[in-house]
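In: 3D model of this:
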Amino acid sequence: MLRKRILSYSLRKFLHCNVSTLHIKPEVKDAINSGKPVVALESTIISHGMRYPRNLEVALQAEEVIRNCGAIPATCAVIGGFAKVGLEQSDLQLLATIQNEKDDTKKLHQILKVSRKDLAYACATGKNGATTVSGM
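Out: Presented below is the predicted three-dimensional model:
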């Protein structure tokens, strides 16, 4: 019970910190504050694992299944340098449709594969990044 209280306090403190590069979807923040279950999802499968449109379909289906089970989905990614916990449909669309080619002319539109070690770089440089499990 004490461990649960400490974890709950830590999450609440984290959610109220003033970090300009961290955006937590209000639905996710409310769920955590009220003790509802939240399921964090990586986003690499959307941008690097499957081709469009199947990648977007799978992402939306995964979120729907989580909702149907009574939890709140929190897909994580870096969009335009902002670490986001809980994505809007437009964010999912962006991850699903931007090409990840090794072409210098499209460097600005690439989506990085972001693990723990890449998170600060993606945020500091204003990049888009799909999180791996270790990046969450």
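In: Would you confirm that Gly129 contacts Ala120?
Out: No. With contacts counted by Cβ atoms under 8 Å, Gly129 stays clear of Ala120, the gap being 10.8 Å. From N, CA and C alone the C-beta is placed, and that goes for glycine too.
In: show me what contacts the residue nearest the centre of the chain?
Out: Closest to where the C-alpha atoms of the chain average out (Cα atoms, centre = their mean) is Cys76, at 0.9 Å. Shown in contact with Cys76 (Cβ atoms under 8 Å, 6 or more residues apart in numbering): Ala40, Leu41, Glu42, Ser43, Ala83, Lys84, Val85, Gly86, Leu87, Thr131, Gly135, Met136.
In: Now for those: which two are most distant?
Out: Using Cβ to Cβ, the contacts of Cys76 span at most 15.1 Å, a distance reached by Gly86 and Gly135.
In: Closest to Glu27 out of the contacts of Cys76?
Out: Nearest member of the contacts of Cys76 to Glu27, counting by Cβ to Cβ, is Gly86, at 6.2 Å.
In: Please name the residues that touch the closest one.
Out: Ile24, Lys25, Glu27, Val28, Ile72, Pro73, Ala74, Thr75, Cys76.
In: and with 6 Å instead?
Out: Residues near Gly86 by Cβ atoms under 6 Å, 6 or more residues apart in numbering: Lys25, Val28, Ala74.
In: Quick check on it: phi, psi?
Out: Recorded main-chain torsions at Gly86 are phi 90, psi 110, according to degrees, to the nearest 10.
In: go on, Asn128?
Out: Backbone torsions for Asn128, taken as degrees, to the nearest 10, come to phi -100, psi 140.
In: give me phi/psi at Cys76?
Out: For Cys76, the backbone dihedrals are phi -110, psi 140 (criterion: degrees, to the nearest 10).
In: Numbering from 812 from now on, please.
Out: Yes, from this point I'll number from 812; that puts the last item at Cys887.
In: So what touches whatever helix or strand Ala907 lives in?
Out: For Ala907, the host element (DSSP states H and E) is helix 900-908. For helix 900-908, contacts defined as Cβ under 6 Å, 6+ apart pick out Ser854, Ile857, Ser858, Tyr863, Asn866, Leu867, Ala870, Ile890, Ala941.
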